[in-house]
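Chemist: the amino acid sequence is not available; the structure is as follows:
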């Protein structure tokens, strides 16, 4: 009766180390690309949030037959006088001619701060957007530029005088101004 040698099935230590080394190299190659993907996803989420906020405010102005504003806010109750929106913003029914909400009584919706490393900046001189009861947004067009420290390509949300909201790639001038405020 002949005994056959049975071959063990498994991995040797050398095979395991080679496999781990290859996996480590692939992870190092893929990690920077993953950071860019996360930055682009963050920008897209903020872009959608801003566009949704502006559309919500326009609809509220029409439905309430009142002036409704969107402005940056530190406390979620009052507008701040800055064109840097990374701390969050509010939608509020304008209580008086200066465009301030009435100490939180007319706040319709709030948005929390954007993630660290991300910046939202509006066109020079446009610290808020006010929608009229007709749905129009007085003044010049306003551009919201969204940029991230890990992704040098930004996005823009533009509101026209008629109140139309559109999304597009950021132009070089707006993107440069946005990136200048990032570390």
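Modeler: Looks like it came in fine. Everything quoted here is computed from the prediction, not taken from an experiment.

Chemist: ok, the most centrally placed residue in the chain - contacts?
Modeler: Central residue check for the chain by CA atoms, centre = their mean: the C-alpha nearest the mean position is that of residue 46, 2.1 Å away. Listed by CB atoms under 8 Å, 6 or more residues apart in numbering, the contact partners of residue 46 are 114, 118, 120, 146. Heads up, the C-betas are built off the backbone N, CA and C, glycines and all.

Chemist: how about residue 15?
Modeler: With CB under 8 Å, 6+ apart as the criterion, no residue contacts residue 15.

Chemist: and the host helix or strand of it, how far out from the chain's middle?
Modeler: Per DSSP states H and E, residue 15 falls inside helix 13-64. Average the C-alpha atoms of helix 13-64, do the same for its chain, and the two points are 12 Å apart (CA atoms, centre = their mean, to the nearest Å).

Chemist: report the mean per-residue pLDDT for that helix.
Modeler: Averaging pLDDT along helix 13-64 yields 89.

Chemist: quick check: next helix or strand after it?
Modeler: Stepping forward along the backbone from helix 13-64, the first helix or strand reached (DSSP H and E) is strand 68-72.

Chemist: just checking: what are the partner strands of that following strand?
Modeler: In its sheet, strand 68-72 lies beside strand 89-93 (antiparallel), strand 129-131 (antiparallel), with partners assigned from DSSP bridges.
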